[in-house]
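Enquirer: structure for the following, please:
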Amino acid sequence: MSWYKENIEEPIRDIVKYLRDNGVNTECSCGHDMHIQCQLILDGEINRIHYLLYNYFYDKKKKINYEIDIKLKVEGGHQTINSIYITFEKEKVE
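Expert: Below is the predicted model of the structure:
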């Protein structure tokens, strides 16, 4: 646990350790802002959307540029937001 004590701030340390102990690759965290950034392994619906978009732009012979953001919000133990936001550069979509 000494690595965690030296490198991870107290308010978020136990959650970071729990995630890492369960196979989640945490990339950075901040106890002051109470956030953790984790590596995303593409699977399921996100991967399907990625491949659909990639193939769309490839087939249209356009530059392949897009961003997929995922938002999941839980309040009181219930999901209140569960969305995927896809953004494109305006000149890339015709």
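Enquirer: give the rounded mean pLDDT of the biggest helix by length in the chain.
Expert: As assigned by DSSP state H, the longest helix anywhere in the chain is helix 44-59. For helix 44-59, the mean per-residue pLDDT is 95.
Enquirer: so what does it touch, helix or strand wise?
Expert: strand 67-75, strand 78-87 (3 or more CB pairs under 8 Å, 6 or more residues apart in numbering; DSSP states H and E). C-beta coordinates here come from the backbone N, C-alpha and C atoms, glycine included.
Enquirer: the last one pairs with which strands, parallel or anti?
Expert: The reference is to strand 78-87. If you go by DSSP bridges, strand 78-87 pairs up with strand 67-75 (antiparallel).
Enquirer: now render the helices and strands packed on helix 44-59 as JSON lines, adding distance to Gly44.
Expert: JSON lines is the format used below for the helices and strands packed on helix 44-59 (distance: least, CB to CB, whole Å):
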{"stretch": "strand 67-75", "distance to Gly44": "11"}
{"stretch": "strand 78-87", "distance to Gly44": "11"}
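Enquirer: tabulate those strands (CSV), appending mean neighbour count, distance to Asp21 and mean pLDDT.
Expert: Below are the helices and strands packed on helix 44-59 laid out as CSV (neighbours: other CB atoms under 10 Å; distance: least, CB to CB, whole Å; pLDDT from 0 to 100):
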stretch, mean neighbour count, distance to Asp21, mean pLDDT
strand 67-75, 10, 21, 94
strand 78-87, 10, 24, 94
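Enquirer: OK, contacts around the nearest residue to Asn82 once chain neighbours are set aside?
Expert: Residue nearest to Asn82 in three dimensions, not counting chain neighbours: Leu72, with 5.5 Å by CB to CB, 6 or more residues apart in numbering. By CB atoms under 8 Å, 6 or more residues apart in numbering, the residues touching Leu72 are Gln79, Ile81, Asn82.
Enquirer: next one: Ile68
Expert: Taking CB under 8 Å, 6+ apart, one finds Ile46, Ile49, His50, Leu53, Ile84, Tyr85, Ile86 in contact with Ile68.
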